[in-house]
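# can you look at this prediction? I've put the sequence above it.
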Protein chains: 2
Amino acid sequence: MNPAEKTAEAAFAVILGGGAGTRLWPSSRRARPKQLLALGGSESLLAAAVRRAQAFFGVERTLVVTAADQEEAIRTAIPDLPAANIVAEPMPRNTAAAVGLGAVVAARLAGPDAVIAVFPADPFIGDEESFGRLVRLACAEARETIVTIGIRPTHAETGFGYIRLGERLPRTAADPVHAVGGFVEKPDRQTAEGYLASGDYLWNSGMFFLTARRMFEETRRHLPALAALLDAAVAAGGADELKKVIEARYPDAPAISIDHGIMEKATGLRVVPGEFGWNDVGSWAALTAVRPPDLRGNVVLGGATLIDGDGNIIVADEGAPYVGVVGVRDLVVVATRDAILVIPKDRAQDVRQIVEAAKKAGRHDLL
Amino acid sequence: MNPAEKTAEAAFAVILGGGAGTRLWPSSRRARPKQLLALGGSESLLAAAVRRAQAFFGVERTLVVTAADQEEAIRTAIPDLPAANIVAEPMPRNTAAAVGLGAVVAARLAGPDAVIAVFPADPFIGDEESFGRLVRLACAEARETIVTIGIRPTHAETGFGYIRLGERLPRTAADPVHAVGGFVEKPDRQTAEGYLASGDYLWNSGMFFLTARRMFEETRRHLPALAALLDAAVAAGGADELKKVIEARYPDAPAISIDHGIMEKATGLRVVPGEFGWNDVGSWAALTAVRPPDLRGNVVLGGATLIDGDGNIIVADEGAPYVGVVGVRDLVVVATRDAILVIPKDRAQDVRQIVEAAKKAGRHDLL
């Protein structure tokens, strides 16, 4: 394969492995973010994302961009990921900069026409075969423009941004591709119901497919401070110099999401609508979507004991005390070595109130 | 004081400090029974019983009878109790034998006419002043016969035995004493409601007042195997010989309660009715009776965090993980270092199901 061919065909997965969240507290912490939890089974969400990407893009072209202080945890959690394929941000600077780093590495390895496929690390994907077909389609379209995969909504979710479908582009029936009609912010309940009823809106999955060249062009146009970093990084002589450039210039990178910083401003975007058991596992209540509940609707993990309950989510993490639950309904009980959460399923988002309380009480060890 | 006077006046508290229970699991265990829990505040139920008895009967005449394997825990928990005042049973033999041992010690120290006042270690007593007045009255009556204190029922409890009031005896208005009309077993719901409505029934508190002599006489009549032990123990030369006699003969003592073995068969009993904030703390749900709940009916102990809940009982024992509870109602959440219980308040009795499950799972460390 000559360099030109290599460039024309190359595609890289850029998995955004950073980010922390407290929505799955107490299992998720600063030092153990959601993507490192084995919510879907025996592998963590990040490990699943890496496995899917390695199968599709190849081991060498599967990159994980993450904060330096999570690098070690990721190395430990995913031993199959070559150390060289972890791209460490010196500090968190949101997703625009992280995607930029991915584009830099791809361009240095395979030239600027390499496609990068950007995947958040933390959604669960139930139907990997369907997903793979859409990724293949999106990568092919990405030779021409920026492509995203949108999720067909299953309910009037107010916690996600949406993508308005534009005209359908002339492709085969098996390859549905639309122009992006626009990105819209998280809607209120009524608006979300309208979106759902219309059939014209998709959830924004945060997956984007574009060439490194296009990423650099859009960055120059919309985020010049980041572009300076990326240009210097692409031009850096070797791995050591690259690292020095990133460390020196990353503090000046704008902390902005790829959505706000680039995607909402770029034109000519396309979207591939999909349904593939996608779930962002945004709260404990979502666990029933990724783990099959028992006949009475309970998900019980980690050897907890539930007697005579319905619709509960009971989780005992490794090292947690013995958990015994009797006679409750639609309740979330999560125990770790050092913290316990009890909250109704329909209030699972309010876990943040407990995290705030722990913070105010000076329990930084629990965050 | 000459020996005759001493005998005529002597009265001993015999606190039954043995016994284990799982009704307050996971806080209560074999090795840390309910009476050692500080449910009422900073002191354990047993410590409170000892404190009350020492104030009334004197430190030297306050005995605690307990199983040998709980002796150490009791010594540690109640340093104010002289070691000589702990009477250790070589093995559990229910309450008739335990009261017998108390009578032996009292008779050896002060002669057979000493009164023994038998108190279970584990009820909570809210109004200690009223209680003290009734104990004084019961001790005075005990010079003549066997006396018990009965609790005026506040609800149709099916978990207790009852005492039927007999005729009121001629005493002052301030000293209500009745003949015992009979002991009755734990009733069903309908019967309990009838008892409550009639006003003729009291809860059996398990408190008995009688002379050591009467205890020996009744034992000879109804429990001859136990009487042989008690006679030999009274006759033993010194502390060492006493210990040997007990150890040699205790295995043969009948395992029967003082209620079934003696009280239900003895005649001429009297009962003093009382109301003094008595509560047997028979389940976690009872905790609101002994700890003042907050404005929304919650009892939160041990630094647990409850946000927006009503009518809950949340307990974090020493060494437990951080407990965070949001938005629940009428729920019991108890966390210890190694176990967690979550159960609705109105099912608190079903904690035994979890204990059984832990046992079946081989988790004997949790029992």
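Right, received. Where do you want to start? Residues are numbered from 1 along each chain as shown, chains lettered A, B, ... in the order given.
# chain B contacts on the stretch 201-350 of chain A?
Selection of the stretch 201-350 of chain A residues close to chain B by Cβ under 8 Å from any Cβ of the partner chain yields A:305, A:307-308, A:320-328, A:331, A:333, A:335-344, A:347, A:350. Any C-beta I mention is one placed from the backbone N, CA and C, and that applies to glycine too.
# narrow those to those in strands?
Counting by DSSP state E, those place A:305, A:307, A:322-326, A:331, A:333, A:335, A:339-344 in strands.
# with only the CA atoms kept, save stretch A:34-42 in PDB.
Written as PDB, here are the backbone C-alpha positions of stretch A:34-42 (Å, rounded to 0.1, in the frame of the first residue of the first chain):
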ATOM      1  CA  LYS A  34     -19.000   6.200  34.400                       C
ATOM      2  CA  GLN A  35     -17.200   5.000  31.300                       C
ATOM      3  CA  LEU A  36     -15.000   2.800  33.600                       C
ATOM      4  CA  LEU A  37     -18.000   1.100  35.200                       C
ATOM      5  CA  ALA A  38     -19.100  -2.300  33.900                       C
ATOM      6  CA  LEU A  39     -22.700  -1.300  33.700                       C
ATOM      7  CA  GLY A  40     -23.600  -3.500  30.700                       C
ATOM      8  CA  GLY A  41     -22.000  -6.600  32.000                       C
ATOM      9  CA  SER A  42     -18.500  -7.800  32.600                       C
END
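# mean confidence score for it?
For stretch A:34-42, mean pLDDT rounds to 82.
# same question for stretch A:257-264.
96.
# other residues contacting that stretch?
The contact list for stretch A:257-264 (Cβ atoms under 8 Å, 6 or more residues apart in numbering or on different chains) reads A:94-96, A:98-99, A:118, A:146, A:148, A:161, A:183, A:204, A:206, A:208, A:215, A:218-219, A:222-223, A:226, A:254, A:269.
# out of those, name the ones that lie in helices.
A:Asn94, A:Thr95, A:Ala96, A:Ala98, A:Val99, A:Met215, A:Glu218, A:Thr219, A:His222, A:Leu226 (DSSP state H).
# and the third one, how far from B:Gly21?
In this case it means A:Ala96. A:Ala96 sits 62 Å away from B:Gly21, going by Cβ to Cβ, to the nearest Å.
# neighbour-wise, which of these two wins?
Each of A:Ala96 and B:Gly21 has its neighbours counted (other Cβ atoms under 10 Å in any protein chain shown); A:Ala96 has more, 24 against 18.
# residues near the nearest residue to A:Arg23 once chain neighbours are set aside, how many?
Taking Cβ to Cβ, 6 or more residues apart in numbering or on different chains, and ignoring the residues beside it in sequence, A:Arg23 has A:Ser283 as its nearest neighbour in space, at 5.2 Å. Neighbour count of A:Ser283, defined by other Cβ under 10 Å: 21.
# remind me, longest strand of chain A?
Per DSSP E, chain A has its longest strand at strand A:201-211.
# strand partners (parallel or antiparallel) of that one?
On the basis of DSSP bridges, the sheet neighbours of strand A:201-211 come out as strand A:115-120 (antiparallel), strand A:147-151 (antiparallel), strand A:162-168 (antiparallel).
# tally of neighbours for the residue in the stretch 1-150 of chain A positioned nearest to chain B?
Chain B sits closest to A:Pro26 of the stretch 1-150 of chain A, with a gap of 7.6 Å, by Cβ to the nearest Cβ. The number of residues packed near A:Pro26 is 26, by other Cβ under 10 Å.
# hang on, it in a strand?
No: counting by DSSP: H, G, I helix; E, B strand; the rest coil, A:Pro26 is located in no strand; its state is coil.
# so how far is A:Glu356 from the residue nearest to A:Arg23?
16 Å.
# got it, and A:Gly194?
33 Å.
# try A:Glu318
Taken as Cβ to Cβ, the span from A:Glu318 to A:Glu356 is 26 Å.
# neighbour count winner among these two?
More crowded of A:Glu318 and A:Glu356, by other Cβ under 10 Å: A:Glu356, with 14 against 8.
# in which helix or strand does that one reside?
helix A:351-360 (DSSP states H and E).
# for that helix, what is the average pLDDT?
94.
# just checking that helix against chain B, any contact.
Yes: remark: helix A:351-360 sits within contact range of chain B at A:Val351, A:Gln353, A:Ile354, A:Ala357, A:Ala358, by Cβ under 8 Å from any Cβ.
# not including adjacent chain positions, what is the nearest residue to the residue sitting nearest the centre point of chain A?
Centroid check for chain A by Cα atoms, centre = their mean gives A:Pro120 as the closest residue, at 1.8 Å. Spatial nearest neighbour of A:Pro120, excluding adjacent residues (Cβ to Cβ, 6+ apart): A:Gly206 at 4.5 Å.
# what's the burial count for the one you found?
For A:Gly206, using other Cβ under 10 Å, the count is 21.
# got the contact list for it?
By Cβ under 8 Å, 6+ apart, the neighbours of A:Gly206 are A:Leu16, A:Thr95, A:Val118, A:Phe119, A:Pro120, A:Ile258, A:Asp259.
# excluding chain neighbours, what is closest to the fourth one?
Yep, that's A:Phe119 we're talking about. A:Ile15 (5.0 Å).
# in which helix or strand does A:Leu134 reside?
Using DSSP H and E, A:Leu134 falls in helix A:128-141.
# can you pull the buried residues of that helix?
A:Glu128, A:Phe131, A:Arg133, A:Leu134, A:Val135, A:Leu137, A:Ala138, A:Cys139, A:Ala140, A:Glu141 (16 or more other Cβ atoms under 10 Å in any protein chain shown).
# could you do stretch A:75-84 as well?
A:Ala77, A:Ile78, A:Leu81.
# which residues touch that stretch?
A:36, A:44, A:46-47, A:50-51, A:54, A:59-60, A:62, A:64, A:74, A:86.
# again, only this time at 6 Å
A:Leu36, A:Ser44, A:Ala47, A:Val50 (Cβ atoms under 6 Å, 6 or more residues apart in numbering or on different chains).
# hang on, the first one packs against A:Ser44?
Yes: the pair formed by A:Leu36 and A:Ser44 meets the contact definition of Cβ atoms under 6 Å, at 4.9 Å.
# looking just at contacts, which helices and strands does the helix holding A:Leu134 meet?
When contacts are defined as 3 or more Cβ pairs under 6 Å, 6 or more residues apart in numbering or on different chains; DSSP states H and E, helix A:128-141 sits against strand A:147-151, strand A:270-274.
# parallel or antiparallel, list what pairs with the helix or strand just after the last one.
Next helix or strand after strand A:270-274 toward the C-terminus (DSSP H and E): strand A:278-279. For strand A:278-279, the pairing partners within the sheet under DSSP bridges are strand A:124-125 (antiparallel).
# please consider this matter closed, and thank you.
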